[in-house]
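Sequence plus the predicted model coming up.
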Amino acid sequence: MKSAVANCAWIAASVPAWLRFSRALQQPERWQRQILQRLLSRNATSAYGRAHHFGEIRTYEEFRECVPIVDYDALEPWIARIAAGEQSVLTRERVTRLLPTGGSTGGRKLIPFTAGLQREWNAAIGPWMMELCRQHPGVAMGPAYWSISPSIPAADEKSAVPIGFDDDSAYVGPIRRRLLEAAFAVPSALRVIRDVECSRYLTLLCLLRQRELRLVSVWHPSFFTLLLDALPGWWDELLHDLETGGCRRAGALPSEIRHSVEAPRPQRAEELRHAGFLDARAIWPGLQVVSCWGDGQAALALADLQRRLPRVLMQPKGLLATEAFVSIPFCGRHPVAVTSHFFEFADAHGQVRLAHELGPGERYEVIVTTAGGLWRYRLGDLVEVDGFIAATPSLRFLGRGSSVSDLCGEKLTEAFVTRAIAAACSSLGFTPAFAMLAPESDSAGRWSYTLFVEGEPPHDLATRLDAELRKNPHYALCRDLGQLSPLCCFRIASAAYEAFCKTGVSAGRRLGEIKPCSLSSRTDWRRHFPGGP
């Protein structure tokens, strides 16, 4: 009952955002230009605004002339000033947090978060959740499981601005956060449990108590698949804890977690004994929707999850990142979040277009301007227009740029991998003739990375490289959660570069344009290189 009341309050709070978004779909150009003008006028006296003459800009065309398209490296000096305590750098609004995410040449980026950026997120989350409940009203009548990532410890660097949130629900603000947490099937306090096995066990214990679970929202589909895979090994222990109350596996628990599992549930335990661990629908008969990534590298994992839950709707999430909310699941498509940020899109020829100018079937790179202080910022995400809702394009996520690998959310860039390989090899006094990292999957569909290397690699090279890659917090989390299996090395017997070029030529590339790379997105290199583990 408590979760239903909280959900209804959440829906009521989302109605205005849903109405605005529904109207904006009819006139995306007008809404987008209004957002741009509002951002420019509010930030004209910030340091970045003064440097780029925001106060003199009256049109999008002038904005395009005055403000360059940038990546994180160009903004990093400005963000360093924010971290040092300087005010009014990228925005007039106070930066309340610096949010860590995967970096390019370094292990991570720090993204400024402001109250304005929070409002932009709510302008996307509100329509998404309101539309979901309109299409599937039963979702609001029970608790939801929103995957909870273990909190990432702040790095050693000093910052006058706090780094990171305790948990992801903080994105929506304090009032909506309380409503959200009132409907949680698993308490957000679970984020403090750093041991992955213990966290997974407690998550399952909480979920098994929730017969009326209605919604599961995770990032990569494999996150929930891994939970289901763990049920058989822990089934008897889980049912015992459910029947008697408490959790024998864990020691001292935070009070919020302890209160969630301490009450004995003998009838529920008996019901689950009859259901068994093989039928997830029998375990959660009210489950209606699983929301998760469904495009790019996540498509295969989504198909596996759908096979396990054949009568549950799989709703592919829109495209969202730490930096911005790009598209929203809405009416069976994923329209651009035109009431949130200001968007531009670069085509294959480098021509920049606005949202209303996109063409069906065309592919683009996303460029975003936000209230958090990202001005004409390249996200590195590639999208394809797969249709329209009214006058607003719907986007399908294709993947990261060619120099990025993002199987489960790890966001490895080629520049970062190059530095990681160099550091790992240097620490062992090893100079490879050829070294390239590439993803592979096993017969069960589990992903991992393999370092293909020519030479005599030291026995602990894989361990050293894994440690370097873990400097990216997203890669570290995917490894700790088991979404990525341990990294391994493949020793190439000889002529690695020749085999690399031959593979490129057979794929239709000209020999002159084939260049060695430290990160490849291909998954079949074992077939092309001579050698073995």
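Alright, I've got the coordinates.

Might you quantify the distance of the lengthiest strand in the chain from its chain's geometric centre?
The longest strand of the chain (DSSP state E) is strand 377-389. Taking the mean of its C-alpha atoms, strand 377-389 sits 16 Å from the chain's own mean (CA atoms, centre = their mean, to the nearest Å).

Show me which parts of that strand are buried, residue by residue.
Neighbour counts over strand 377-389 (16 or more other CB atoms under 10 Å) mark 377-385, 388-389 as buried. Every C-beta, even on glycine, is put in place using the N, C-alpha and C of the backbone.

check contacts around residue 428.
When contacts are counted by CB atoms under 8 Å, 6 or more residues apart in numbering, residue 428 touches 458, 460-461, 464.

please redo it, this time with the cut-off set to 7 Å
Contact analysis of residue 428 by CB atoms under 7 Å, 6 or more residues apart in numbering lists 458, 461, 464.

Now do it against residue 504, distance only.
Counting by CB to CB, to the nearest Å, the gap from residue 428 to residue 504 is 29 Å.

now residue 368
From residue 368 to residue 504 the distance is 33 Å (CB to CB).

Tell me which of these two has more neighbours.
The neighbour comparison of residue 368 against residue 504 (other CB atoms under 10 Å) goes to residue 368, with 24 against 17.

The more buried one bridge partners, please.
Listed by DSSP bridges, the beta-bridge partners for residue 368 are residue 343, residue 377.

Please parse the chain into its domains.
Domain assignment for the chain by automatic domain parsing gives 2-316, 342-400, 404-532.

can you put these in a markdown table and add mean pLDDT and distance to residue 334?
Output for these, formatted as a markdown table (pLDDT from 0 to 100; distance: least, CB to CB, whole Å):
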| stretch | mean pLDDT | distance to residue 334 |
| --- | --- | --- |
| domain 2-316 | 87 | 7 |
| domain 342-400 | 93 | 5 |
| domain 404-532 | 85 | 17 |
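
Residue 330: which of the ones you listed is closest?
In terms of CB to CB, the element of the domains of the chain nearest to residue 330 is domain 2-316, at 5.2 Å.

Quick one: distance of the closest one to the chain centre.
Using CA atoms, centre = their mean, the mean C-alpha position of domain 2-316 is found 9 Å from that of the whole chain.

I'd like to know how far residue 57 sits from residue 339.
Counting by CB to CB, the separation of residue 57 from residue 339 is 21 Å.

Would you mind telling me which of those two has the busier surroundings?
residue 339 (24 against 21).

Give me the three-state assignment for that one.
Put simply, residue 339 is coil when judged by DSSP: H, G, I helix; E, B strand; the rest coil.

so what's it up against?
20-21, 24, 31, 123.

what's the closest of those residues to residue 93?
residue 123 (15.8 Å).

Please verify my assumption that that closest one contacts residue 17.
Yes - using CB atoms under 7 Å as the test, residue 123 is close enough to residue 17 to be in contact (5.4 Å).

which secondary structure element contains the spatially most distant residue from the centre of the chain?
Each residue of the chain has a distance to the centre, and by CA atoms, centre = their mean the biggest one is for residue 494: 38.4 Å. Counting by DSSP states H and E, no helix or strand carries residue 494.

before we move on, what about residue 282?
According to DSSP H and E, residue 282 maps onto helix 280-283.

For that helix, which outside residues touch it?
Under CB under 7 Å, 6+ apart, the answer for helix 280-283 is 208, 228, 272, 275, 287, 308-309, 311.

Can you mark which positions in that helix are buried?
The neighbour-count check on helix 280-283 (16+ other CB under 10 Å) flags 280, 283 as buried.

next one: stretch 432-441
The neighbour-count check on stretch 432-441 (16+ other CB under 10 Å) flags 432, 434-440 as buried.

quick one: which of those residues is nearest to residue 128?
residue 439 (29.8 Å).

And the strands in the stretch 1-150 of the chain?
Per DSSP state E, counting those that start in this stretch, the stretch 1-150 of the chain carries strands over the ranges 97-102, 108-113, 144-146.

For residue 472, which of those strands is the nearest?
Among the strands of the stretch 1-150 of the chain, strand 97-102 comes nearest to residue 472, with 5.0 Å by CB to CB.

what does that closest one contact?
Against strand 97-102 from outside (CB under 7 Å, 6+ apart): 83, 108-113, 152, 159, 161-165, 322, 411, 472-474.

can you tell me which of the contacts of helix 280-283 are in helices?
Judged by DSSP state H, those include 208, 228, 272, 275, 308 as members of helices.

now the strands for the stretch 301-450 of the chain?
Remark: strands assigned in the stretch 301-450 of the chain by DSSP E, counting those that start in this stretch are 313-316, 342-346, 352-354, 363-369, 377-389, 392-400, 404-405, 412-413, 434-441, 447-454.

I'd say residue 371 and residue 40 touch.
No - counting by CB under 7 Å, residue 371 sits too far from residue 40 to count as a contact (11.3 Å).

Was I right to think residue 324 contacts residue 368?
Yes - using CB under 7 Å, residue 324 is in contact with residue 368, at 4.5 Å.

Return every residue with contacts to both of those two.
With CB under 7 Å, 6+ apart, residue 324 and residue 368 have common neighbours 341, 379.

ok so, going back, wait, which of the contacts of helix 280-283 is closest to residue 251?
residue 208 (20.5 Å).

just to revisit the earlier point, select only the buried ones of the ones in helices among the contacts of helix 280-283 in PyMOL?
Listed next is the PyMOL selection for buried residues among the ones in helices among the contacts of helix 280-283, using 16+ other CB under 10 Å:
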select buried, resi 208+228+272+308
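
would JSON lines of the ones in helices among the contacts of helix 280-283 with distance to residue 134 be doable?
Below are these laid out as JSON lines (distance: CB to CB, whole Å):
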{"residue": "208", "distance to residue 134": "30"}
{"residue": "228", "distance to residue 134": "29"}
{"residue": "272", "distance to residue 134": "32"}
{"residue": "275", "distance to residue 134": "31"}
{"residue": "308", "distance to residue 134": "27"}
